[in-house]
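**Q** Quick one, what's the 3D model for this:
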Amino acid sequence: MQGRQGSGGSSWDRPSERHNGSLNGTGKQRAIPQRPPGMARVDINTMQMPRIARPQPQTPAPRKLRRLLLIIGSIFVVCAILACTAGYLLSKGLSVSSGATATTTDFLGALSTSNYNQAYQDLGPAITLHLSLQQFTQQAQNLDRCYGPITTYPEVQDSATNQGNSQSYTYNISRSKLTKPYQLRLTLQQDPDANNNWKIVDYGNDLGPGQAATVCK
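**A** Numbering: from 1, shown residues only. Got it, this is the predicted structure:
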């Protein structure tokens with residue numbers, strides 16, 4: 001069956017070549033490119049994308065690395081020197097304190113047991129040059145007779161002082177015949193003639209409670 005004829009003699013039912021040709025703007029239909037013979041078909045779903053290399057961390061230049069190591073090493077050396085210095089001063093301070101308190105403890109302990117000879121050995125030249133062992137013993141015996149022997153002698157808290165080469169401590173002295181303790185201040189120095197051992201160089205006027213106590217007859 002033939003299509004109807006228009007006034008120009010063209011068929012109205014024939015596909016319009018003019019319309020198809022205007023699709024590509026040239027008046028001709030665009031041809032679909034053919035795959036060359038022997039070329040494999042590529043499936044885009046199975047294609048692998050190229051991997052992007054991960055950026056590598058940059059290592060510091062040798063000169064910068066040596067400088068960094070030098071700085072770190074210097075810091076460690078300074079810290080070590082400071083630690084050693086602090087440790088030395090601390091140990092020296094503890095040694096000084098322990099040596100001086102050992103002497104005072106020995107001195108008061110000897111007096112509490114009436115061992116006057118031992119107590120006299122803890123005295124330094126500042127006392128022994130003008131006080132003999134006999135005089136010291138007589139003084140200590142009189143105090144024991146009047147006020148009773150020493151019973152306790154705790155150190156007063158935070159009483160220790162350091163002045164130059166001297167160490168001082170205060171003790172609460174209790175005696176058996178006294179109703180309340182009294183304080184005794186002991187000052188010590190290192191004696192170079194006795195292997196730098198700590199010696200008592202001052203204990204006040206005497207080892208007793210002083211004038212505030214009842215005079216012994």
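**Q** Show me what residue 200 is bridged to.
**A** Beta-bridge pairing for residue 200 (DSSP bridges): residue 123, residue 188.
**Q** Can you name the residues that contact it?
**A** Residue 200 is in contact with 103-104, 107, 122-124, 127, 186-188, counting by CB atoms under 8 Å, 6 or more residues apart in numbering. Placement of C-beta: from N, CA and C, glycine included.
**Q** Turn those into JSON lines, columns for neighbour count and pLDDT.
**A** Shown next, in JSON lines, are those (neighbours: other CB atoms under 10 Å; pLDDT from 0 to 100):
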{"residue": "103", "neighbour count": "21", "pLDDT": "95"}
{"residue": "104", "neighbour count": "23", "pLDDT": "96"}
{"residue": "107", "neighbour count": "24", "pLDDT": "97"}
{"residue": "122", "neighbour count": "23", "pLDDT": "97"}
{"residue": "123", "neighbour count": "21", "pLDDT": "96"}
{"residue": "124", "neighbour count": "21", "pLDDT": "96"}
{"residue": "127", "neighbour count": "16", "pLDDT": "95"}
{"residue": "186", "neighbour count": "23", "pLDDT": "96"}
{"residue": "187", "neighbour count": "19", "pLDDT": "96"}
{"residue": "188", "neighbour count": "26", "pLDDT": "96"}
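**Q** Nearest to residue 202 among those residues?
**A** Comparing the contacts of residue 200 against residue 202 with CB to CB picks out residue 187 as the nearest, at 4.2 Å.
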